[in-house]
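[1] whatever this is, show me its structure:
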Amino acid sequence: GKPDAEYYSKLFTGPYLDEMTLDFARAAVAGEQLGRNPSGVTDILGVSLSSHDYVNHSFGPESRMSHDHLQRLDRMLASFFDSLDKSVGLENTLVVLTADHGFPNVPEFAQSRKFESQRLDSSKLMSALNQHLSGKFGAEKIAYKWSAPSVLLDYKLIEQKGLKREEVENSAARFLMSYNGVAQVYTRTQLETGALPDNRIAKLMQRAWHRQISGDIVVVTKPYWQFGSGSRGTTHGSPYSYDSNVPLMIMGKSWIKPGAYGQYAEVMDIAPTLAHILRVRPPSASEGRVLTETLP
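    Residues are numbered from 1 along each chain as shown. Okay, here's the model as predicted:
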């Protein structure tokens, strides 16, 4: 029958969305004549293959669905590179492949492997936190919103009650540190002033925090724990290696030296590396380095 909302939502958790995306990319290469600029200027094509994210959210990275999708995606990419080879030649093509995040196993799978792991229900956490803050400061619902992994405080209410912002933040942080499944808590005052512990997790949380749009109390779960009240699937957003480590692969016959490199690298190194290869100025806000070890 006629495709409906359920039909389109199911496209996200299978290989078909990626198939269509790569078909669209092929059409872009052909229609825009990419790689054939008469003046020799480099063309840049960005392709986002997002189905694996939806598959892992729904079923987990240890699931058969995830394994099946990754194998299918591997074959899709092989076909796409073959079409690029025929249209412009892979010797004229530089390919960079990476991801925006990793994925933890679903808590139930982690438990089966004897890891301490649970789902942390944020609605229960917020209820307990507001009960604590109400008893401490005599104001209802100071913590007015949850936006994982952050709590937003009602600073207008705090001001009306004549309370000190830092005292409320610290009280909330101390309570949350005692909450089952919580490993670390950072307050807005800490993040604004940079008064954080000198360790990698604190550094990653500082990088991820934005003064204007982020929350006021940032919560880090214990390893293998995750926010959510469901019974299936998984999520991401922690500073642990299963979330923060992603592939970074570069292929280009004329520009890249073959090999596997053990030097520390980050996704933000891609932009300055490509700028160096293209002989153009790197983006003004670029913080990465040129991956010189990969260059011939």
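[2] which parts of this structure are helices?
    In the chain, the segments counted as helices under DSSP state H are 5-11, 16-31, 51-59, 64-87, 107-112, 122-137, 155-160, 165-177, 188-193, 200-208, 241-244, 270-278.
[3] make CSV out of these and add distance to Pro223, mean pLDDT and mean neighbour count.
    (C-beta placed from N, C-alpha, C; glycine too.) Shown next, in CSV, are the helices of the chain (distance: least, CB to CB, whole Å; pLDDT from 0 to 100; neighbours: other CB atoms under 10 Å):
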stretch, distance to Pro223, mean pLDDT, mean neighbour count
helix 5-11, 32, 88, 10
helix 16-31, 30, 96, 15
helix 51-59, 18, 94, 20
helix 64-87, 21, 96, 14
helix 107-112, 9, 94, 17
helix 122-137, 18, 96, 16
helix 155-160, 32, 95, 13
helix 165-177, 16, 97, 17
helix 188-193, 22, 96, 16
helix 200-208, 10, 92, 15
helix 241-244, 8, 93, 15
helix 270-278, 28, 96, 18
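[4] closest to Ile250 out of the ones you listed?
    helix 270-278 (7.7 Å; CB to CB).
[5] helices or strands up against that closest one?
    strand 95-98 (3 or more CB pairs under 8 Å, 6 or more residues apart in numbering; DSSP states H and E).
[6] which outside residues touch the strand it packs on?
    The contact list for strand 95-98 (CB atoms under 8 Å, 6 or more residues apart in numbering) reads 81, 246-252, 267, 270, 274.
[7] try 7 Å this time
    246-252, 267, 270 (CB atoms under 7 Å, 6 or more residues apart in numbering).
[8] and for stretch 145-161?
    Stretch 145-161 has contacts (CB under 7 Å, 6+ apart) with 122, 126, 129, 137, 139, 141-144, 165, 168, 172, 214-220, 227, 237.
[9] again with stretch 110-120
    107, 181, 221, 224-230.
[10] can I get these in TSV with distance to Lys156?
    Shown next, in TSV, are the contacts of stretch 110-120 (distance: CB to CB, whole Å):
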residue	distance to Lys156
Pro107	37
Gly181	30
Thr221	29
Tyr224	37
Trp225	32
Gln226	32
Phe227	26
Gly228	30
Ser229	29
Gly230	33
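[11] can you say which of those are buried?
    107, 181, 221, 224-228 (16 or more other CB atoms under 10 Å).
[12] in strands only, show me these.
    With DSSP state E as the criterion, strands contain 221, 226-227 from among these.
[13] just curious, which of those residues is nearest to Gly60?
    For those, the closest approach to Gly60 (CB to CB) belongs to Gln226, at 10.9 Å.
[14] tell me the spacing between the residue nearest to the spatial centre of the chain and Ser238.
    Central residue of the chain (CA atoms, centre = their mean): His101, 3.7 Å from the mean position. According to CB to CB, to the nearest Å, His101 and Ser238 sit 10 Å apart.
[15] also Val41?
    Taking CB to CB, one finds Val41 at 42 Å from Ser238.
[16] who's more crowded, those two?
    For Val41 versus Ser238, the count of surrounding residues by other CB atoms under 10 Å is larger for Ser238: 25 against 7.
[17] and the closest residue to that one other than its chain neighbours, what pLDDT?
    In this structure, Ser238 finds its nearest non-sequential neighbour in Thr221, 6.1 Å apart by CB to CB, 6 or more residues apart in numbering. At Thr221, the pLDDT value in this model is 96.
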